[in-house]
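S.K.: Requesting a structural model of the entry that follows:
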Amino acid sequence: MATLYASDPAQYLEKAVAAQRPILRRNPSRPEPYRLLRKLYTESKRGDAAWCLCQALSCMNLAEPDEERFYRRLRAEGPAEAQARLSPDDWANLVVHEDADPIVTAIFALIEPAVLRRNGQSLEALGYQPVYQLDLVRHPYPMSQTLYYAAGVLGMEAPPTFQNPTDPGGVSFLHAYVPSIVLGSAALAPDLPPQPSAFIAGRHLAYYRPGLYARQLVSTGTALRAWLFAAIKLVVPNFPVAGELAGPVSENLGLLESLAVGQIRDQLTSLVTKLLQAGAIDLKKWVAAVDLTADRVGFLLSHDLELALEIVRASEDGAIPVPAKERQKELVLYAVSEEYFTIRRRLGISIDS
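M.R.: As a prediction, this is how the structure comes out:
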């Protein structure tokens, strides 16, 4: 059927593309599915989608000369110059990785105040004063302005941001009661290149979206599971919990009982019911999907797959459970997806715009 659909893209383009997707995911390193998709999009006069396929082929060193020329001729020289903001539906349907269970995300969004109460600290305890919060618009450093721009594209307020020139790091999480950012000396360089800055800023800000910050705030998978199980036990008191989790779950449950009241309790009841009806809870998969979502955001804002892959390749991080090779594969697959093509059109950054 895939061959039949591909033989007549004018009539069967959507079916032809849909037939290639599972083939592509099963064989992401073979050039044939990419080339066939590129041909389908070219024949259907979908120039931006065809260009995105050429970009992927080039980054995999699989492009033919004409594909390479097309990609290089229209390759962006700077970050995405977005003409619109992401809407909540854009974020949920076109950016978030498909393995990031939306019910789990929604539960963590509801219980985030309790998690912050236990795991966060006051700014003063962390060594910062609210009066020294940066004005990202006026702060004279590229990373500050990139964070402001990236937050605007993501349709969110930029988190409170502070600087610490004695910190040799770059852009870091500041786990205050209001989740914040600290810029170390590496992020305060006056000559940071724009596209890598956009990748870093976009990837970092992704974790401040509702429900995702717990992935950074809670240090281990076990501790994260203890919060999720506490939310479940708040609704289903007889939910079984393994012995090693019993203590942390009980402590978290006590805090949730005092904070999750009224409408929040009702929403949590609905979400937990849906979660349990869905069956097995794979929190490890959710954590990995959140990290892959952050990669997608960095890529989207940097506007360059080759650069995004280089950064991922160079930033093997033990705190991220997904190996760098898997992260690169997932970025390439996203870069040739209908979701990515659609978000490019929505933001006004496609080559057809």
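
S.K.: helices or strands up against the top helix by length along the chain?
M.R.: If you go by DSSP state H, the chain has its longest helix at helix 283-302. Helices and strands touching helix 283-302, by 3 or more Cβ pairs under 8 Å, 6 or more residues apart in numbering; DSSP states H and E, are helix 102-119, helix 194-206, helix 214-217, helix 221-235, helix 305-314, helix 324-335, helix 338-347. The way it works is simple: take the backbone N, C-alpha and C, and place the C-beta from them, glycine included.

S.K.: and the longest one, what other elements does it pack with?
M.R.: When contacts are defined as 3+ Cβ pairs under 8 Å, 6+ apart, helix 102-119 packs onto helix 214-217, helix 221-235, helix 243-259, helix 263-278, helix 283-302.

S.K.: immediately after that helix, which helix or strand?
M.R.: helix 142-153 (DSSP states H and E).

S.K.: Using CSV, list the CA coordinates for the longest helix of the chain.
M.R.: C-alpha atoms of helix 283-302 as CSV (Å, rounded to 0.1, in the frame of the first residue of the first chain):
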residue,chain,number,x,y,z
LEU,A,283,7.4,7.3,34.9
LYS,A,284,10.8,6.6,33.5
LYS,A,285,9.4,7.0,30.0
TRP,A,286,7.7,10.3,31.0
VAL,A,287,11.0,11.7,32.3
ALA,A,288,12.8,10.8,29.1
ALA,A,289,10.0,12.3,27.0
VAL,A,290,10.3,15.6,29.0
ASP,A,291,14.0,15.7,28.2
LEU,A,292,13.3,15.0,24.5
THR,A,293,10.7,17.7,24.5
ALA,A,294,13.3,20.2,25.8
ASP,A,295,15.6,19.1,22.9
ARG,A,296,12.8,19.9,20.5
VAL,A,297,12.3,23.3,21.9
GLY,A,298,16.0,24.1,21.6
PHE,A,299,16.1,22.9,18.0
LEU,A,300,12.9,24.9,17.1
LEU,A,301,14.3,28.1,18.4
SER,A,302,17.9,27.7,17.2
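
S.K.: What residues of that helix count as buried?
M.R.: Neighbour-count burial for helix 283-302, counted by 16 or more other Cβ atoms under 10 Å, picks out 283, 285-302.

S.K.: ok, back up a step: mind checking which of the helices and strands packed on helix 102-119 is nearest Leu110?
M.R.: Taking Cβ to Cβ, helix 263-278 is the member of the helices and strands packed on helix 102-119 nearest to Leu110, at 5.3 Å.

S.K.: Any regions of this protein where pLDDT drops low?
M.R.: Residue ranges of the chain with pLDDT under 70: 1-13, 16, 316-319, 353.

S.K.: follow-up on the earlier one: deepest-packed of the helices and strands packed on helix 102-119, please.
M.R.: The highest mean neighbour count among those, using mean count of other Cβ atoms under 10 Å, belongs to helix 283-302: a mean of 23.

S.K.: Taking helix 324-335 as reference, get the angle to it.
M.R.: Computed with axes from the mean of the first three to the mean of the last three Cα atoms, to 10 degrees, the direction of helix 283-302 lies at 60 degrees from that of helix 324-335.

S.K.: Could you give the separation of helix 283-302 from the chain centroid?
M.R.: Remark: helix 283-302 is offset 3 Å from the chain centroid, using Cα atoms, centre = their mean, to the nearest Å.

S.K.: That helix versus helix 142-153: what angle between them?
M.R.: Going by the same axes, to 10 degrees, helix 283-302 makes 110 degrees with helix 142-153.

S.K.: close enough to count as contact, Lys233 and Val241?
M.R.: Yes - counting by Cβ atoms under 8 Å, Val241 is a contact partner of Lys233 at 7.0 Å.

S.K.: Let me have the helices and strands packed on helix 102-119 in CSV, extended by distance to Ala335.
M.R.: Shown next, in CSV, are the helices and strands packed on helix 102-119 (distance: least, Cβ to Cβ, whole Å):
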stretch, distance to Ala335
helix 214-217, 23
helix 221-235, 29
helix 243-259, 39
helix 263-278, 30
helix 283-302, 7
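
S.K.: That'll do, ta.
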